[in-house]
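>>> Quick one, fold the following:
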Amino acid sequence: MAVIRLSIVTDIDVESFIRALQEPEDLFADHPSIVSLRAYRDVGVYELRIRLRKFLGSSIESIHFTIKRSGDSVYYESLEPGKLRASYRAWRELDTTIVEAVIEYELEQKGAAIDETMKSIFRTALKRAEDKARTIKITAEIKEDTRQPSTYQPIETIEPPVFNVKVDKKGETKSEQITCETCLLYEKELSICTYLAKKIENPEKPLCGGEKYIRI
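Next comes the predicted model:
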């Protein structure tokens, strides 16, 4: 049985990487030696068809496998006994994530070219898993941000002061600001409008709007 050992060091968190490894459609797509990858999700089985080049031609190898997760490890295991077993283990170390992969396989075709093809396929898949994990992480962060309560604070509306316009004997107009403190109906010590019988929170904003204003 041939064995391939691979590893990668990344800044992506373990959970995102593990989730990416459970989505093989994106990991094996477009590799020149991959003919197709079909997912039979109703039964949890994947079919990987690989083109293996050999002397004076090539052959197609089909592998049917399942995916299982156990903690921070993911396993690809073929339904055909001993044909493929790929185990991935991820852990955090010094603010980085380390992922180790061990791929064991026993194909009908054998040889250095076959081994190099398998190594290329799974090395590419591991790199694509990192890219996929990064997308998963960013998507999760965006969703988390949308769940956070808004920190927007509405701008306080400042009401303009009320002015009482008077006309003097010469016909000239004079304007003066109306406040409770200059009104005869305001009891300053108690902060109460004696006309409305209400407590005044802000003397600069008369509750009557200046309609009952009597200048002291």
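>>> Break this structure into its domains for me.
2-141, 162-216 (automatic domain parsing).
>>> Buried deepest among the ones you listed, which one?
Most buried of the domains of the chain by mean neighbour count (mean count of other CB atoms under 10 Å) is domain 2-141; its value is a mean of 16. The C-beta positions use only the backbone N, C-alpha and C, and glycine is treated the same way.
>>> Can you give me the distance of residue 1 to residue 82?
From residue 1 across to residue 82, the span is 7 Å (CB to CB, to the nearest Å).
>>> which neighbours do those two share?
residue 106 (CB atoms under 8 Å, 6 or more residues apart in numbering).
>>> I'd like the mean pLDDT over the longest strand anywhere in the chain, please.
Longest strand in the chain, counting residues (DSSP state E): strand 57-70. The average of the pLDDT scores along strand 57-70 is 92.
>>> just to revisit the earlier point, least reliable of the domains of the chain going by mean pLDDT?
Looking at these, the bottom one is domain 162-216 with a mean of 72.
>>> and the longest helix for this structure?
helix 112-147 (DSSP state H).
>>> packing partners for that one?
strand 2-10, helix 14-21, helix 24-27, strand 45-54, strand 96-105 (3 or more CB pairs under 8 Å, 6 or more residues apart in numbering; DSSP states H and E).
>>> What is the third one packed up against?
Okay, so that is helix 24-27. Counting by 3+ CB pairs under 8 Å, 6+ apart, helix 24-27 packs on helix 14-21, strand 34-40, helix 112-147.
>>> Any idea how far the longest one is from the middle of the chain?
Looking back up the chat, that one is helix 112-147. With CA atoms, centre = their mean, to the nearest Å as the basis, helix 112-147 stands 17 Å off its chain's centre.
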